[in-house]
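Participant: With the sequence up front, the predicted model follows.
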Amino acid sequence: MSFSVFEKSIVLLALLKAVSCVQPEAPSPKAAPLRDLPWAQLNFLHTTDVHGWWGGHLQEASFSADWGDYVSFAKHLRDKADADGSDLLLIDTGDRVEGNAIYDSSKPRGKFTYEIAKEQNIDLICSGNHELYKANTAEGEYFHTVPDFRGNYLASNLDIYNPKTGNLEPLAPRFKKFTTKNQGIRILAFGFLFDFTGNANNTVVQRVEDTVKEEWFKEALRDREVDLIVVFGHVDIRSDEYALLFSTIRSAQWDTPIQFFGGHSHIRDYKIFDSKSVAIESGRYMETLGFMSIDGLSTGGSKDLSPVAGKSKLTFSRRYIDNNLFSMQHHSRKDVKAFATEHGESVSSAIGDARKSLDLGKVYGCAPQDLWVSRRPYPHNQSIFTWIEEQLLPQTIEKSDRMANGGKALVITNTGAIRFDIFKGTFTKDTKFLVSPFTSSIRYIKNVPYKAASQVLNLLNHEGPIVLEMINNNAFLQPPEVSAARYRPHMFASPEPAFHVHQQNRVQAPMLNQDEPKPFPGYTTQDDAGEDGDDTVHEKIDFYNVPNCIQANVGFTSDDEQEPESVDLMYNEFIEKWILLALEYSGQTYSLEDTQAFDNGKSFSDIMTDWVSEHWGSGHGEEECLS
């Protein structure tokens, strides 16, 4: 395992003091030991599942760079490629929307997102599932993102009903063949989405197993004048869809190198298919910039260069770059003064203007502690789901007229409705949308027999016919990174981890010299190539599994001597289909006509914000909260 030369900590800290993030709320990055980028013949920068985090992470120094900083970083790496005759391509594999207030609180939604996203020069781009949940979001892709990236946006298995004509047509071209700028590497590219079934009815997602049988796909694979096949998509790299694409391409192109780029799972991962084919997945929420390189490819040549034969053995390498200025400046070999480009600064300024116009710094309250999605086991007093189950939902629902008059309720929500952690400190308008960006309300069915209602949670959480149907429909109720563990059981710690682990056993590097910067908690990725993929050497953070759904019991007391005959069954609107199916398995048949909206259809995120204002807001201004 090889590492870069670590800069002396005193020099690094002096540099960092000079760093001024363009987003004024963002913290400066910490000094840390770094691994260099394995620069090679062909190089890639990869983003996925950005979910609108254009401004970076304003409460986490490790990920505090914004989209404008990424624009500057990419420019420096393109200049490096031009200078040494190599090539660099940028890839984005979808889910650019939903998950951040810059997108979700704007009116219309996407007002700023489309303008910000298009400022990056992305060479290959596709849709994720979040671009398709709502008809108007899919039309946003059609009217904005596809034309903004014309010629680079691919949709190999995605169609849309043209909003102007009503005709079903590909959202974008199915594939593309192009040559790289400096070496003339001939690339055949496809852009896929996993077998998604929750899309709005103005789009059609064709199953991958059907797409590979299409004549256009077979014809594209007959082209032998290809140096590399790139398959990029909003697809877990360990999924059945990518396994099928690999085997299908290999049957037609037995020795052509294949590079896969994935997404959707919100994790860092790297898979080796064979000696000439690998895949990378590059995290989520602008926490990670994936870097991939290939050495030994053949080339088609250019007007100034003759074609080059490929080497018998290719070299594939990867890095997961922490999205902060410290990493970017190191990898681009630019100091603080030279790093920001005029273009990058203008993008950062536009992001700041958007945040200001949306009043994203508005404070609702002060969180008294950290609440984690998966960094604590459930149940736990620092689990965000324990907080929802024991405080947020009961203290909200018990105020309703039905509960105030002696009613009882079981309230179920899926863990995937919560997208991010709550950090100790200010809870702002920004936080609201980071934690729960969705518009789903709470609905309920009156007077459900208790014996049936009490079985629903178990049916949604444990192996059985409903969970199997969820899997068959690619409909997972957990957070994406938790669902991804079905392919990667090593991701999770045991429910009761040992608390006295020696430090050196939890660090992703050999013992460091005393005068070098020390690792701090962060990603310590294990993948098919080992444990040296992260650019920043971190202490290990444990992650834990969580169930599909959790349940709050409202109106029940310790004085209750027997079970009630009936309860109101309440639930997050997003899981309504599965709630009704679980009731059917419990012997009760209900339809949509039997359901009602709680609190006039107020969204869960608004319910959460109201609770925060009431319970964490009184007397807590921003200065007091941060003191």
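Facilitator: On my side now, so go ahead.
Participant: tell me which element residue 625 falls in.
Facilitator: Per DSSP states H and E: residue 625 is located in helix 622-626.
Participant: Low-confidence regions, the stretch 1-150 of the chain specifically.
Facilitator: Counting by pLDDT under 70, the stretch 1-150 of the chain has low-confidence residues at 1-22.
Participant: mind listing the helices for it?
Facilitator: All helices of the stretch 1-150 of the chain, identified by DSSP state H, counting those that start in this stretch, fall at 9-18, 67-84, 101-104, 113-117, 135-140, 146-148.
Participant: Which helix or strand contains residue 291?
Facilitator: For residue 291, the secondary-structure element it belongs to, assigned by DSSP H and E, is strand 288-295.
Participant: whoops, residue 233 was the one
Facilitator: Counting by DSSP H and E, the secondary-structure element that holds residue 233 is strand 228-234.
Participant: What angle do strand 228-234 and the following helix or strand past that strand make with each other?
Facilitator: In the C-terminal direction, the helix or strand that comes right after strand 228-234 (DSSP H and E) is helix 240-252. Per axes from the mean of the first three to the mean of the last three C-alpha atoms, to 10 degrees, the angle that helix 240-252 makes with strand 228-234 is 160 degrees.
Participant: Other residues contacting whichever helix or strand comes after helix 240-252?
Facilitator: Later in the chain than helix 240-252, the nearest helix or strand by DSSP H and E is strand 258-262. Residues external to strand 258-262 that are found in contact with it (C-beta atoms under 8 Å, 6 or more residues apart in numbering): 44, 46, 48, 91, 93, 124, 228-237, 239, 242, 245-246, 249-250, 269, 271, 273, 276-282, 290, 292, 294, 316. Yep, even glycine has a C-beta here, placed from its N, CA and C like the rest.
Participant: Strand 258-262 pairs with which strands?
Facilitator: When sheet partners are counted by DSSP bridges, strand 258-262 sits next to strand 228-234 (parallel), strand 277-282 (parallel).
Participant: Which of the residues in it are classified as buried?
Facilitator: 258, 259, 260, 261, 262 (16 or more other C-beta atoms under 10 Å).
Participant: got a pLDDT number for the spatially closest residue to the third one that is not a sequence neighbour?
Facilitator: In space, not counting the residues next to it along the chain, residue 260 is nearest to residue 279; the distance is 3.4 Å by C-beta to C-beta, 6 or more residues apart in numbering. Looking at residue 279, its pLDDT reads 98.
Participant: dump the residue contacts of residue 279.
Facilitator: Contact analysis of residue 279 by C-beta under 8 Å, 6+ apart lists 237, 242, 259, 260, 261, 262, 270, 271, 273.
Participant: In TSV: these, plus distance to residue 115 and pLDDT.
Facilitator: Formatted as TSV, those follow (distance: C-beta to C-beta, whole Å; pLDDT from 0 to 100):
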residue	distance to residue 115	pLDDT
237	31	98
242	32	98
259	30	99
260	30	99
261	25	99
262	27	98
270	33	98
271	35	98
273	38	98
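Participant: For residue 306, state which of those is nearest.
Facilitator: Each of the contacts of residue 279 was checked against residue 306 using C-beta to C-beta; the closest is residue 259, at 23.8 Å.
Participant: what about residue 546, distance to residue 334?
Facilitator: Separation of residue 546 from residue 334 (C-beta to C-beta, to the nearest Å): 41 Å.
Participant: can you check residue 240 too?
Facilitator: For residue 240, the distance to residue 334 - C-beta to C-beta - is 42 Å.
Participant: So which of the two has more stuff around it?
Facilitator: residue 334 (17 against 14; other C-beta atoms under 10 Å).
Participant: Return the distance of that one relative to residue 73.
Facilitator: Applying C-beta to C-beta, one obtains 9 Å for the distance of residue 334 from residue 73.
Participant: Ok, residue 30 next?
Facilitator: Note on residue 30: its distance to residue 73, by C-beta to C-beta, is 18 Å.
Participant: Equivalent analysis for residue 274, please.
Facilitator: As defined by C-beta to C-beta, residue 274 lies at a distance of 32 Å from residue 73.
Participant: So between those two, which is more surrounded?
Facilitator: When residue 274 is set against residue 73 and neighbours are counted by other C-beta under 10 Å, the residue ahead is residue 73, at 26 against 11.
Participant: Not counting sequence-adjacent ones, nearest residue to the more buried one?
Facilitator: Among residues not flanking residue 73 along the chain, residue 328 sits closest, at 4.4 Å (C-beta to C-beta, 6+ apart).
Participant: and that neighbour, how many residues sit next to it?
Facilitator: Applying other C-beta under 10 Å, we find 24 residues neighbouring residue 328.
Participant: Confirm it sits in a strand?
Facilitator: No: looking at residue 328 with DSSP: H, G, I helix; E, B strand; the rest coil, it is helix, so not inside a strand.
Participant: was I right about residue 567 contacting residue 410?
Facilitator: Yes: contact status for residue 567 versus residue 410: in contact at 5.4 Å, counting by C-beta atoms under 8 Å.
Participant: Which residues are in contact with each of the two?
Facilitator: Shared contacts of residue 567 and residue 410, defined by C-beta under 8 Å, 6+ apart, are found at residue 453.
Participant: the more surrounded of the two?
Facilitator: In terms of neighbours (other C-beta under 10 Å), residue 567 is the more surrounded of residue 567 and residue 410; the figures are 26 against 22.
Participant: Need the three-state assignment for the more buried one.
Facilitator: The local conformation at residue 567, judged by three-state DSSP, is strand.
Participant: what residues are up against it?
Facilitator: Residue 567 makes contacts with 407, 408, 409, 410, 447, 448, 450, 453, 555, as judged by C-beta under 8 Å, 6+ apart.
Participant: Which residue is the nearest non-sequential neighbour of residue 236?
Facilitator: Leaving aside its sequence neighbours, residue 236 is closest to residue 265 (4.8 Å, by C-beta to C-beta, 6+ apart).
Participant: Could you measure from the one you found over to residue 360?
Facilitator: In this view, residue 265 and residue 360 are 27 Å apart by C-beta to C-beta.
Participant: which of those two has more neighbours?
Facilitator: Remark: of residue 265 and residue 360, residue 265 carries more neighbours, 28 against 22, as counted by other C-beta under 10 Å.
Participant: My guess is that one contacts residue 483. True?
Facilitator: Yes: taking contact to mean C-beta under 8 Å, the distance of 7.2 Å between residue 265 and residue 483 places them in contact.
Participant: re the thing from before, to residue 224, which of the helices of the stretch 1-150 of the chain lies closest?
Facilitator: When these are ranked by proximity to residue 224 (C-beta to C-beta), helix 67-84 comes first, at 26.7 Å.
Participant: picking up where we left off before, now the strand holding residue 233 against strand 288-295, angle please.
Facilitator: Direction vectors for strand 228-234 and strand 288-295, defined by the same axes, to 10 degrees, enclose an angle of 170 degrees.
Participant: Please put the alpha-carbon coordinates of strand 228-234 into CSV.
Facilitator: This file holds the C-alpha atoms of strand 228-234, laid out as CSV (Å, rounded to 0.1, in the frame of the first residue of the first chain):
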residue,chain,number,x,y,z
LEU,A,228,-13.4,1.4,-24.1
ILE,A,229,-17.1,0.8,-23.3
VAL,A,230,-18.5,3.1,-20.6
VAL,A,231,-21.7,2.1,-18.8
PHE,A,232,-22.8,4.8,-16.5
GLY,A,233,-26.1,4.9,-14.7
HIS,A,234,-28.2,5.3,-11.6
